[in-house]
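what would the 3D arrangement of this be:
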Amino acid sequence: MVDRSLYKVGEVVSVESLGDKAGQKPLRLCKVNVGDASGEFLSVVTSATNVREGSRVAVAPVGSIVETETGEELVIKKTSVGGVMSEGMLCDSRMLGWQGGAAGIAAQIPDSVAIGASPPASKPRPNQSSEDAADTPSQPIEGLFEKKLSKEEKKKLAEAKRLAKRAAKDAKKEDD
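Numbers count the residues shown, from 1 in each chain. Modelled structure (predicted):
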């Protein structure tokens, strides 16, 4: 089992496109603040498309171990990716041992987790606050599970609408 204790929560400070190369996923250079005491940001090259400035992500820094798709352990090293030095890897849900989430999509961490802390052991779920509960209707939403109308019922409904429209039009003419 992979030791995830070296993984850190980081905030993406900047994202720079490294250009598209034919037949390859477009690479992006991310500067990530992982709460390093020196104030230095990690440079991480990724192909994850969901990373934006301000995103909170899980980072496997140099020296940590990740599990590959085939189940093998891979030690993260400072490596040149697309001609740029990468000092870590953004983790997807599978790498963190979370249920759900897609491979190759950087796992998003809520703002409640501090920068530099270890990522949560399980995928964070939004909590329903009392305000959200107040927005949830206590009665079923009208029309959600109504039976479908037959052709005859649809014809009667359409005729009633036409008559109502005609009556409204006639009433408007009388007012003028």
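
make it CA atoms for all contacts and neighbour counts henceforth
Noted.

three-state assignment of the residue lying farthest from the centre of the chain?
Computed with Cα atoms, centre = their mean, the residue of the chain farthest from its C-alpha average is Glu174, at 57.6 Å. Assigned by DSSP: H, G, I helix; E, B strand; the rest coil, the conformation of Glu174 is helix.

try Asp111
Asp111 falls in the coil class when you classify it by three-state DSSP.

report the contact partners of the residue nearest to it when sequence neighbours are not counted.
Excluding its sequence neighbours, the residue lying closest to Asp111 (Cα to Cα, 6 or more residues apart in numbering) is Arg56, at 7.0 Å. Contacts for Arg56 (Cα atoms under 8 Å, 6 or more residues apart in numbering) come out as Val9, Gly10, Glu11, Val12, Gln108, Ile109, Pro110, Asp111.

what helices or strands is the strand or helix carrying the second one leaning on?
What it means is Gly10. Using DSSP states H and E, Gly10 falls within strand 8-17. Counting contacts by 3 or more Cα pairs under 8 Å, 6 or more residues apart in numbering; DSSP states H and E, strand 8-17 is packed against strand 28-33, strand 56-61.

how near is the residue farthest from the centre of the chain to Tyr7?
Distance from Glu174 to Tyr7, counting by Cα to Cα, to the nearest Å: 76 Å.

and Gly71, its phi and psi?
phi 90, psi 0 (degrees, to the nearest 10).

count of residues packed around it?
Number of residues near Gly71 (other Cα atoms under 10 Å) recorded here: 10.

also Lys154?
Per other Cα under 10 Å, the neighbour tally for Lys154 reads 12.

average pLDDT across the strand or helix carrying it?
Using DSSP H and E, Lys154 sits in helix 151-175. Averaged across helix 151-175, the pLDDT comes to 89.

where are the low-confidence patches of the protein?
1, 20-23, 101-102, 126-147, 176 (pLDDT under 70).

give me the most central residue, it.
Centre-nearest of the chain using Cα atoms, centre = their mean is Gln108, 6.2 Å out.

any idea how far the residue farthest from the centre of the chain lies from Ala167?
Following Cα to Cα, the distance that separates Glu174 from Ala167 is 11 Å.

equivalent analysis for Tyr7, please.
For Tyr7, the distance to Ala167 - Cα to Cα - is 70 Å.

the two: who's more crowded?
Tyr7 (26 against 12).

residue contacts, the more buried one?
Ala58, Val59, Ala60, Pro61, Ser64, Ser118, Pro119.
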